[in-house]
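Asker: need a structure here:
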Amino acid sequence: MPKFLLKRWHGLHIVWVFILLSVAILLLFIAMGGVVGTAILLPTLGLVYYTVAAEKAFRKELNRYVSTLSHRITQAGNEVLQQLPIGILLYNEEKIVEWHNPFVGQMLERPSIIGDHLLELIPVLKNKKEKDPRCEIKLGNKTFQILMRTDERLLYFQEITAQADLFKRYQEEKTVLGILLLDNLEEATQGMDEQTRNSTIGKVAGEINEWAQKHKLYVRRLSSDKYLLVMDHKALQHLEQTRFEILDEVRDLTNELKLPFTLSIGVASGAETLIELGQVAQTSLDMALGRGGDQVAVKIGQRMTFYGGRSNAVEKRTRVRARVISHALRDLIKESDKVIIMGHKVPDMDAIGAAIGVLKAVQVSQKEGFIVLEGINPSIEKLMEEIYGNEKMARCFITPEQAMQMTNARTLAVVVDTHKASLIAEARILQQTSRIVVVDHHRRGEEFINEAVLVYMEPYASSTCELVTELLQYFNERMSMEVLEATALLAGITMDTRSFSLRTGARTFEAASFLRRNGADTALIQRLLKEDLDTFVRKAEIIKHAEVIYGHIALAVTEPNNKHSQLLIAQVADTLLNMTDIMASFVISERQDGLIGISARSMGQINVQLVMERLGGGGHLTNAATQLEGSLENAAKQLKQVLDEIEAEEGLFE
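Answerer: Modelled structure (predicted):
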């Protein structure tokens, strides 16, 4: 309120005080009567007149001031709505625009959008979650932030182009570290003279340097087979778009030289410090090597992406690592009070055979060992019948509950044929001991038992039984095995190699030869792997529904409500792979546990592990699987979608 009005207001208060006093005096003197009363009455009337006139003038002036102020406020509000550099839009319950200020029209390059549907004007709002009131849209070269007020059906628009460009530049200029390794340099150049070796390494180094210059990377050679890569995130995005073509270039170059050279690269981005970034890059390289090499592992924050992996892991000629791992395992067993051996859930012949092999090592060390078995499935039923016929060996098989009761901090837990805690028969055991060993032949996945003190993973191996057999050869010079022990190990190798027809190397046959010398019964193995007529008919029924897609991929989807075991699904996939011109096979069926199982096989040209990983599974280059929830139809749709994506990215199915 203006000062003059305040003064007037205070003056009126004083006047009213005088009026009240005058009235009191008037009443007093009227009561007294006479001339004195008249003399007092006249001034009082004058004072009343003056007060009424002053009050009217005050009210008139107050009304004029209020009306002027209201007009000024309304005018200022209209100017703000029209000229404020923020968009305001109102819509009704049907999402129809009812009003907007000029900023919105300028933003959409239209004078008026009143009457238009909001979701047609701004499609990004269709998938907007109500919990998050903010989102961004890009119109031309400008970026706008939208603030939603759902209750008032109101939208605010603010241009944030400068902030968005600055954030984009920040993201693109983030430091990225990579470590490049020639997977098998020493073995590939073994036997070469110095001049030929240097010439070969020089050609590969030249290819790497040319690739680095092309993509603006800083490359520094650390040793004959290792390079450090430094780049920004923008360069990494470009490399991901080209899917790291250096892998193919080096592979093609060395194929001309008749040498099995491949590269593995570990890349890291998103870490807070350079020290952490270097550690993550090394972890990514270990991941790429653990998956067989010839690929790139890129870790950005929590996301891990793999590129390449088209070739089989090259078998190592030297057994130095097998001997070192064998001695380390022997020491760990001797330092433990007991050993708990676990395979994956629904164990197959390879998991049981490998577990029996490790149990043999424990017994040779004169320690107590047990194998955790949750249940017997059809794939190991005949083998377990033989084992339960052997009283000494049968005592060593225990349930997960029994294993939990006997595990303590001094217990050694040995995990075979898997490296994922979620797939272990009893994962809680890993929480009760820090002494963990992993022996596996699968390509390493993103999920891994990081707490393991000893890891022996060789993707080139045909099976875990092959790896365990090699460990046993170096475990004790006078190693002798019982017939059933050797037979179980050889059965695991036979099963995973499909009777030595796939994924076999010289070391596979050497391991089989060692087991045969120790009494492995091949006739018993044939009996263990035999199938009955009903199983054969069920396999034929599934094969009947197979179709060929992309000209070289067999896909079979079973009929609804027909549940099959994972073993049967895998056997059908193996059978389909024997068909002419088939490079890969996929079988989809309902499993007995209610999930949808997918089993994948290939001859090596197609990496089925990458296909299954995109569906949440994993496995090997030529042997992989996954389990999904939902229906057969949805599972087939998801699989075809992944195959379409891979075909669009790499064109592998032509």
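Asker: who touches stretch 492-500?
Answerer: Residues from elsewhere that reach stretch 492-500 (Cβ atoms under 8 Å, 6 or more residues apart in numbering): 348-354, 441, 462-466, 469, 503-504, 508-509, 511-512, 515, 525, 529, 574, 623. For every residue, glycine as well, the C-beta is placed using N, CA and C.
Asker: what's the distance between the residue nearest to H564 when sequence neighbours are not counted and E466?
Answerer: Of all residues not flanking H564 in the chain, S589 sits nearest, at 4.7 Å (Cβ to Cβ, 6 or more residues apart in numbering). From S589 over to E466 the distance is 29 Å, taken as Cβ to Cβ, to the nearest Å.
Asker: Please apply the same query to V372.
Answerer: From V372 across to E466, the span is 22 Å (Cβ to Cβ).
Asker: The two: who's more crowded?
Answerer: Each of V372 and E466 had its neighbours counted (other Cβ atoms under 10 Å), and the higher figure belongs to E466 (33 against 24).
Asker: does that one really touch S513, like I thought?
Answerer: No - between E466 and S513 there is no contact under Cβ atoms under 8 Å: 11.6 Å.
Asker: Give the next helix or strand downstream of the helix or strand that contains Q145.
Answerer: Here Q145, judged by DSSP states H and E, is contained in strand 142-149. Per DSSP H and E, the first helix or strand lying C-terminal to strand 142-149 is strand 154-159.
Asker: for the record, mean pLDDT for stretch 229-236?
Answerer: Across stretch 229-236, pLDDT averages out at 93.
Asker: May I have it as CSV, with CA atoms only?
Answerer: C-alpha atoms of stretch 229-236 as CSV (Å, rounded to 0.1, in the frame of the first residue of the first chain):
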residue,chain,number,x,y,z
LEU,A,229,45.6,-48.4,-27.0
VAL,A,230,44.4,-45.0,-25.9
MET,A,231,41.4,-43.3,-27.5
ASP,A,232,38.3,-41.3,-26.8
HIS,A,233,34.7,-42.5,-26.6
LYS,A,234,33.9,-41.1,-30.0
ALA,A,235,36.6,-43.3,-31.6
LEU,A,236,35.4,-46.3,-29.6
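Asker: Contacts for that stretch, please.
Answerer: So stretch 229-236 is contacted by 171-180, 212, 215-220, 239, 265, 267, 269, 298 (Cβ under 8 Å, 6+ apart).
Asker: Select from the residues you listed every entry located in helices.
Answerer: Q171, E172, A212, L239 (DSSP state H).
Asker: Buried subset of those, written for ChimeraX?
Answerer: Command for ChimeraX that selects the buried part of the ones in helices among the contacts of stretch 229-236, burial taken from 16 or more other Cβ atoms under 10 Å:
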select :212,239
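Asker: Select, from the ones in helices among the contacts of stretch 229-236, the two members most distant in space.
Answerer: Between any two of those, the greatest separation by Cβ to Cβ is 22.0 Å, found for Q171 and A212.
Asker: ok, N476 touching Q366?
Answerer: No - contact criterion Cβ under 8 Å: N476 and Q366 do not qualify, at 11.2 Å.
Asker: So those two - more neighbours on which side?
Answerer: Set N476 next to Q366 and count neighbours by other Cβ under 10 Å: N476 wins out with 14 against 8.
Asker: list the contacts for the residue nearest to that one when sequence neighbours are not counted?
Answerer: Spatial nearest neighbour of N476, excluding adjacent residues (Cβ to Cβ, 6+ apart): V364 at 5.3 Å. V364 makes contact with F475, N476, M479, according to Cβ under 8 Å, 6+ apart.
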